[in-house]
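**Q** what follows is a predicted protein model with its sequence.
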Amino acid sequence: MVQKLFLLFIESASKIVDNISKSLMDGAYDRRSIFNYLSKNDIEPVIKVRKNSSSKARGSIARKLAVIEQLSDYDR
């Protein structure tokens, strides 16, 4: 369900805006498939990840990098 809403959102936004460079979303969109889609389309994912997220890639390098970046901010 979340993935379908995400695709509808991105498709409708791309009709209005020529070039989407960032995608700001809340933690409900913390899915590997969404990170992969954004990365494949050269859109920077700005999605809040869970505090207990694993930093292992498991098929999504973009999510791994986001987890590492955000978890380092939680420690401060």
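**A** Structure's in. What do you need?

**Q** so where's the chain shaky on pLDDT?
**A** 74-76 (pLDDT under 70).

**Q** so where do the strands sit in it?
**A** For the chain, applying DSSP state E gives strands covering 22-25, 44-47.

**Q** how about the ones you listed, which one is nearest Lys56?
**A** strand 44-47 (17.2 Å; C-beta to C-beta). Bear in mind the C-beta positions are built from the backbone N, C-alpha and C, glycine included.

**Q** what pairs with the closest one, and is each one parallel or antiparallel?
**A** Strand 44-47 sits in its sheet next to strand 22-25 (parallel), going by DSSP bridges.

**Q** name the surrounding residues that touch the partner strand.
**A** 6, 10, 34, 38, 43-48 (C-beta atoms under 8 Å, 6 or more residues apart in numbering).

**Q** now render the strands of the chain as a markdown table, adding mean neighbour count and distance to Asp73.
**A** Below are the strands of the chain laid out as a markdown table (neighbours: other C-beta atoms under 10 Å; distance: least, C-beta to C-beta, whole Å):
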| stretch | mean neighbour count | distance to Asp73 |
| --- | --- | --- |
| strand 22-25 | 14 | 16 |
| strand 44-47 | 17 | 13 |
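
**Q** of those strands, which is nearest Leu65?
**A** Evaluated over the strands of the chain, closeness to Leu65 peaks at strand 44-47, with 9.3 Å, by C-beta to C-beta.

**Q** now the closest one, how far from the chain's geometric center?
**A** Computed by C-alpha atoms, centre = their mean, to the nearest Å, the chain-centroid distance of strand 44-47 equals 4 Å.

**Q** likewise for stretch 42-50?
**A** With C-alpha atoms, centre = their mean, you get 3 Å for stretch 42-50.

**Q** with just CA atoms, put it into PDB.
**A** The C-alpha coordinates for stretch 42-50 follow below in PDB (Å, rounded to 0.1, in the frame of the first residue of the first chain):
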ATOM      1  CA  ASP A  42      18.800  10.200  -9.200                       C
ATOM      2  CA  ILE A  43      16.500  11.600  -6.400                       C
ATOM      3  CA  GLU A  44      18.100  12.100  -3.000                       C
ATOM      4  CA  PRO A  45      16.100  10.200  -0.400                       C
ATOM      5  CA  VAL A  46      15.500  12.200   2.800                       C
ATOM      6  CA  ILE A  47      13.500   9.600   4.800                       C
ATOM      7  CA  LYS A  48      13.700   9.200   8.500                       C
ATOM      8  CA  VAL A  49      14.800   5.700   9.400                       C
ATOM      9  CA  ARG A  50      14.000   3.900  12.600                       C
END
